[in-house]
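J.: Give me the fold of what follows.
(chains A and B)
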2 protein chains.
Amino acid sequence: MVIEVYTEFLAKDAVKAAKRGDLIIVVDVLRCSSTIITALANGARMIIPAKTLREARKMHAENPDYLLGGERGGLKPRGFDLGNSPLEYTREKVFGKTIVLTTTSGTRALVYSRVAKWVLVGSLLNARAIAEKAISIADSEGINISIIQSGTNGKFSLEDFLCAGAIISMLPNNNISLSDSAQAALLAFRHAENNLYVNLMKSEHSKKLIKLGLTEDIKFSCQINLFTIVPLYRSGIITKI
Amino acid sequence: MVIEVYTEFLAKDAVKAAKRGDLIIVVDVLRCSSTIITALANGARMIIPAKTLREARKMHAENPDYLLGGERGGLKPRGFDLGNSPLEYTREKVFGKTIVLTTTSGTRALVYSRVAKWVLVGSLLNARAIAEKAISIADSEGINISIIQSGTNGKFSLEDFLCAGAIISMLPNNNISLSDSAQAALLAFRHAENNLYVNLMKSEHSKKLIKLGLTEDIKFSCQINLFTIVPLYRSGIITKI
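T.: Numbers count the residues shown, from 1 in each chain, chains lettered A, B, ... in the order given. Coordinates of the predicted model:
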């Protein structure tokens, strides 16, 4: 069977992909998916995405041993244990912990995806591991693959587009068929791959993070295939497969 | 003044661009804009885009000396003089003529753009000429530039994305600022440019045209900077600037 590979440019397009019955890969390079992957790689037990600050705080009040992480406007909300910087999610802080996470774009894409059976979380940090796991699940379940770019404030974002291209570049060549948007992302990644950091720094979202003094987060999030973690979002929680 | 350069993925996004007051470049590589440019290069007097077959036929009935051109489902409608293949728009057929043209995607993008003061028609065939004219107008009028990809049946199309990248690659480097989508299109074009035909042949729309026996149209439309024609759409008609 030929597996169709799509990529969608906006978080809300996850609804379409879920309706098609596709395996969904949610991508938010800066920084939600990079943070989730790093936290799990450093031994966090699970991540619970929360849509609102209120919901996150409530969950934390009911479970005081949970860590509270996330951002609004790029910065750590009042009273939170952690921001949305993957660099904060060290082994010392997160090992064995459950983390409630609320961010602006990535969390929304996850929520839009939740009716899908298979929702994986991808970034540049785990591009190869995600590509291999996605193809093996899609193959055995007889379903197609949609990579959902979370974007920034409901708009297209360069870094998520390039990450979609990175994941596509790591799929096997046989038995897959790429949509026009998937072809486009692959071409752009091929031109950018030897200079990913320089290219990512040009995105609108990067420029905002640089202004907030968060350049190190961009540098960290550019490291391709640093981890082999495959996060699965199911029944409201994210765990390692 | 810095000129912002945007590219939008769908015909309907022309409305947004027109509201911003941008100069608009409408792109429909396969085949509407390639046909318009070829017709004008071969001496056609003007092109009148029509939204519906009915409207096109009415205009022709009232002006029997006009030529009737266009497509539905990729093919020439009943009773039309010309289809939507740029190769049909030879000097012998179109010199000095007014052509009423109705197509599926490109005509829609033009209609969505019509409230803008400046609407140019671009394709690979005239990428450099369009880039140079657009920057000179944007500069003297103090406005930004939006390249509208017509897409195919309301969906993203690879060939229009690559054409947006081609036009962006021919803008001067100084005093412009590229949106994330403009950066993405530029990266993809840079990787594809030495093999444009092979890359364009992979698009979903190309595959349909190949099935209809129209491979030569794709080959023709891939020729970068074949013409120096800059078509302007204003007050319902398209003429050479």
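J.: Chain A: strands as residue ranges?
T.: Secondary structure of chain A by DSSP state E: the strands cover A:3-8, A:23-27, A:46-49, A:67-70, A:98-102, A:119-122, A:145-149, A:176-178, A:231-234, A:237-240.
J.: I'd like these laid out as a markdown table, including distance to residue B:101 and mean neighbour count.
T.: Where you see a C-beta, it was placed from the backbone N, CA and C, and this is true even at glycine. Shown next, in a markdown table, are these (distance: least, Cβ to Cβ, whole Å; neighbours: other Cβ atoms under 10 Å in any protein chain shown):
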| stretch | distance to residue B:101 | mean neighbour count |
| --- | --- | --- |
| strand A:3-8 | 32 | 23 |
| strand A:23-27 | 40 | 30 |
| strand A:46-49 | 50 | 22 |
| strand A:67-70 | 53 | 24 |
| strand A:98-102 | 52 | 24 |
| strand A:119-122 | 44 | 28 |
| strand A:145-149 | 35 | 30 |
| strand A:176-178 | 32 | 16 |
| strand A:231-234 | 48 | 19 |
| strand A:237-240 | 52 | 17 |
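J.: for chain A, what helix or strand is lowest in average pLDDT?
T.: helix A:106-113 (a mean of 89; mean pLDDT, DSSP states H and E).
J.: how far does that one sit from the chain's center?
T.: Its chain's average C-alpha position is 10 Å from that of helix A:106-113, according to Cα atoms, centre = their mean, to the nearest Å.
J.: that older thread, in a markdown table, list the strands of chain A along with distance to residue B:9 and mean pLDDT.
T.: Listed next are the strands of chain A as a markdown table, based on distance: least, Cβ to Cβ, whole Å; pLDDT from 0 to 100:
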| stretch | distance to residue B:9 | mean pLDDT |
| --- | --- | --- |
| strand A:3-8 | 11 | 98 |
| strand A:23-27 | 17 | 98 |
| strand A:46-49 | 28 | 96 |
| strand A:67-70 | 30 | 97 |
| strand A:98-102 | 29 | 97 |
| strand A:119-122 | 22 | 98 |
| strand A:145-149 | 12 | 98 |
| strand A:176-178 | 17 | 97 |
| strand A:231-234 | 27 | 97 |
| strand A:237-240 | 30 | 97 |
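J.: Contact partners for residue A:177?
T.: A:2, A:3, A:4, A:5 (Cβ atoms under 8 Å, 6 or more residues apart in numbering or on different chains).
J.: ok, residue A:19 to residue B:4 distance?
T.: 35 Å (Cβ to Cβ, to the nearest Å).
J.: Likewise for residue A:220?
T.: 30 Å.
J.: Those residues of chain A touching chain B, which are they?
T.: Contacts of chain A with chain B, taken as Cβ under 8 Å from any Cβ of the partner chain, map to A:9, A:155-158, A:161-162, A:178-181, A:183-185, A:187-192, A:199, A:202-205.
J.: From those residues, list just the buried residues.
T.: For the residues of chain A next to chain B, a burial check counting by 16 or more other Cβ atoms under 10 Å in any protein chain shown picks out A:9, A:156-158, A:161-162, A:178-181, A:183-185, A:187-192, A:199, A:202-205.
J.: picking up where we left off before, biggest separation within the contacts of residue A:177, which pair?
T.: A:2 and A:5 (9.9 Å; Cβ to Cβ).
J.: Longest helix in chain A, please.
T.: Identified as the longest helix of chain A according to DSSP state H is helix A:127-141.
J.: which residues sit against it?
T.: Applying Cβ under 8 Å, 6+ apart, the set of residues contacting helix A:127-141 is A:1, A:3, A:23, A:25, A:117-118, A:120-122, A:143-145, A:163, A:166-172, A:175-176, A:224-225, A:227-230, A:241.
J.: Select only the buried ones of these in ChimeraX?
T.: To isolate the buried members of those in ChimeraX, using 16+ other Cβ under 10 Å:
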select /A:3,23,25,118,120,121,122,143,144,145,163,166,167,168,169,170,171,176,224,227,229,230
